[in-house]
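predicted structure and sequence below. I'll ask about it afterward.
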Amino acid sequence: MNRTMKAIAHDEYGEAADVLAPREVPVPEPGRGEVRVKVHAVSLNAADVYITRGEPTIGRLAFGWPRPKRTIRGRDVAGVVDSVGPGVTEWSPGDRVAAEGEESLAEYTCVKASLLARVPDGVPLTEAAAVPLAGVTALQAVRVGEVKAGDRVLVNGASGGVGTFIVQLATAAGAEVTGVCGAGNTDLVRSLGAVHVVDYGVEDFTEAKEPYDVVIDLAGNRSLRELRSALAPGGTLVLTSGHGSRAMGPLWRNAAASLTSPFVRQRLRPFLARTGVDGEVEGLLERVAAGTLRPAVGRTYPFERAVDALAHVSRGHARGKVVVVLREG
């Protein structure tokens with residue numbers, strides 16, 4: 001008899017509250033090289049919002065045109081291995097795991113075995129779920145920026161999911177970190193290691209008297225010219241995927257940065273985080289277990305309110321990570 005499960009899905013693009021809804025779907029079977037995970041927690045990211053909306057429009061070439069190819073939302077997941085597919089020998093039922101995958105807002109999801117990371121004992125699965133996408137993006141952004149001890153680093157969007165990790169990782173590298181965020185999040189950003197905090201409602205960081213060695217832009221709300229004005233002559237600007245136009249996203253700004261960089265002293269480096277780099281998620285989780293890295297989980301929702309959780313993220317003022325909890329563990 002075929003089993004079914006609860007999932008959060010949509011058949012058309014739009015705002016989360018308008019198009020997402022719970023439904024009963026078949027429990028997936030793991031294919032070759034895959035593992036079925038019994039989901040305990042799902043961390044939501046801006047990527048989930050963009051895919052739900054089908055934005056930027058050019059992204060629908062990958063997401064599906066005119067409707068989403070994958071109907072169940074969610075990427076980051078933490079849970080327990082339920083069963084393994086053919087060819088999988090490194091994982092067994094009962095193993096605690098986390099990964100960035102696909103279609104995780106469901107009671108069960110299938111993930112490539114190569115993407116899974118082991119969750120150390122003592123790390124709650126609610127916290128582990130917050131690590132894969134945001135933690136890896138932060139780690140790679142700090143690496144692209146070549147952040148080192150003594151650097152003056154500014155993080156625009158410091159209180160969000162990725163920003164809270166960057167503040168900690170840059171601080172751990174010995175940098176003097178300035179975080180840009182809203183008034184309600186200044187204490188959080190300071191608690192994560194930022195030496196200076198800029199309330200964007202009061203102060204314009206692009207008018208800083210002392211330029212920064214590295215500027216990491218996560219918010220995508222300032223022009224390339226404005227960001228460069230905050231950067232030292234030989235400094236590095238790191239641009240994540242961020243926001244942008246509804247049609248093209250940050251494509252034009254990032255393209256302009258790539259074209260400009262060879263002709264100026266400043267290094268302008270757009271980047272897109274890579275999923276599944278060996279050992280990165282597991283290494284971050286080991287830092288969490290050691291107490292040297294803290295997933296800033298700002299809010300949790302029960303699975304029954306998953307649509308509300310994604311709507312909260314879509315409003316763009318999330319404090320740290322938003323996590324949907326299906327099971328305790």
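Noted; the coordinates are in hand.

how about the helices in the stretch 101-250 of the chain?
Secondary structure of the stretch 101-250 of the chain by DSSP state H, counting those that start in this stretch: the helices cover 125-128, 132-144, 161-172, 186-191, 224-229.

can you say which of these is nearest to T240?
With CB to CB, the closest approach to T240 among these belongs to helix 132-144: 6.2 Å. C-beta coordinates here come from the backbone N, C-alpha and C atoms, glycine included.

list the buried residues in that closest one.
Applying a neighbour-count criterion of 16 or more other CB atoms under 10 Å, one finds P132, L133, A134, G135, V136, T137, A138, L139, Q140, A141, V142, V144 buried in helix 132-144.

and the residues you listed as a markdown table, adding pLDDT and distance to R3?
Rendered in a markdown table, the data for the buried residues of helix 132-144 read as follows (pLDDT from 0 to 100; distance: CB to CB, whole Å):
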| residue | pLDDT | distance to R3 |
| --- | --- | --- |
| P132 | 97 | 27 |
| L133 | 95 | 28 |
| A134 | 96 | 32 |
| G135 | 97 | 32 |
| V136 | 96 | 32 |
| T137 | 95 | 35 |
| A138 | 97 | 37 |
| L139 | 97 | 37 |
| Q140 | 96 | 38 |
| A141 | 97 | 41 |
| V142 | 98 | 43 |
| V144 | 96 | 44 |
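
tell me which of those is nearest to R228?
V144 (16.5 Å).

the closest one and R269 touch, don't they?
Yes: under the criterion of CB atoms under 8 Å, V144 makes contact with R269 at 5.4 Å.

got any residues that touch both of those two?
Counting by CB atoms under 8 Å, 6 or more residues apart in numbering, the contacts common to V144 and R269 are T236, V238.

let me have the buried residues of helix 132-144 in CSV, extended by distance to D76.
Written out in CSV, the entries for those read as follows (distance: CB to CB, whole Å):
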residue, distance to D76
P132, 5
L133, 5
A134, 8
G135, 9
V136, 10
T137, 11
A138, 13
L139, 15
Q140, 16
A141, 17
V142, 19
V144, 21
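
distance of the residue positioned nearest the centre of the chain relative to V39?
For the chain, the residue sitting closest to the mean C-alpha position, by CA atoms, centre = their mean, is A134 at 2.9 Å. When distances are taken as CB to CB, to the nearest Å, A134 and V39 turn out to be 18 Å apart.

go on, D18?
According to CB to CB, D18 stands 24 Å off from V39.
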